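>>> fold the following.
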Amino acid sequence: MNSPDDFANGAPVGGSGTATPAVRRTSNAFGSPGTDSTVRRIDLNEQLIRHPDATFLMRAAGDDMRGAGIADGDVLLVDRALAAHHGSVVIAVVEGELVCRRLEQPKAGRDRAAGGRLVADGSAVAPVVISAETPLEVWGVVTNVIKSLA
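Down below sits the predicted model:
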């Protein structure tokens with residue numbers, strides 16, 4: 001298993017593989033691997049990554065985002081090409097540090113000058129209020145979470 005520092009600054013992902021996605025799905029069983037020659041390998045790069053040149057891996061530290069399904073040690077796929085919007089789980093720069101938070105923005109009808117806030121999902125950590133003094137700097141949008149079950 002990788003150490004927590006493996007993805008401290010993000011690690012680029014992507015690949016030049018040309019594997020074809022699986023051609024069928026099963027609901028509760030995989031069947032015998034020797035009887036079906038139509039099953040193909042799944043390329044996780046193709047399935048999970050929309051922008052290979054702008055997608056990075058990062059390892060979560062802490063449990064502030066447990067409500068979003070992100071636990072300490074999970075690997076996050078972060079896409080820097082996506083625009084963040086209300087409800088997105090983002091990696092943001094707060095006081096020079098990268099943090100994972102959910103972005104809450106005011107509705108279009110309300111005063112958008114307020115800017116919104118970054119909130120920990122399922123934690124008592126105080127939200128970061130976005131203002132002129134604390135501008136929003138989104139490093140990337142979290143698209144997937146990879147968990148280790150072992």
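
>>> could you pull out the strands for this protein?
Under the criterion DSSP state E, the chain carries strands at the ranges 11-12, 55-59, 75-79, 89-94, 97-104, 117-119, 128-129, 138-146.

>>> closest one to E46 among the ones you listed?
strand 55-59 (12.1 Å; Cβ to Cβ). Backbone N, C-alpha and C define where each C-beta goes, glycine included.

>>> tell me the strands beside the closest one, with direction?
According to DSSP bridges, strand 55-59 has the following sheet partners: strand 11-12 (antiparallel), strand 75-79 (antiparallel).

>>> report the angle between it and strand 89-94.
On the basis of axes from the mean of the first three to the mean of the last three Cα atoms, to 10 degrees, strand 55-59 is oriented at 80 degrees to strand 89-94.

>>> what mean pLDDT does strand 55-59 have?
The pLDDT scores in strand 55-59 average 96.

>>> pLDDT weak spots in this protein?
Applying pLDDT under 70 to the chain flags residues 1-39, 108-114.

>>> now do the helices in it.
All helices of the chain, identified by DSSP state H, fall at 44-48.

>>> if we can go back for a sec, of the strands paired with strand 55-59, which stretch is the most buried?
With neighbours defined as mean count of other Cβ atoms under 10 Å, the strands paired with strand 55-59 peak in mean count at strand 75-79, which reaches a mean of 21.

>>> can I get the strands of the chain in CSV including distance to G67?
Below are the strands of the chain laid out as CSV (distance: least, Cβ to Cβ, whole Å):
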stretch, distance to G67
strand 11-12, 26
strand 55-59, 19
strand 75-79, 15
strand 89-94, 10
strand 97-104, 8
strand 117-119, 10
strand 128-129, 16
strand 138-146, 13
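
>>> can you check which of these gets nearest to M65?
The nearest among the strands of the chain, by Cβ to Cβ, is strand 97-104 at 5.3 Å.

>>> residues contacting the closest one, please?
The contact list for strand 97-104 (Cβ atoms under 8 Å, 6 or more residues apart in numbering) reads 58, 60, 64-65, 68, 70, 76, 84-94, 116-121, 127-128, 136, 138-139, 142.

>>> nothing else from me, thank you.
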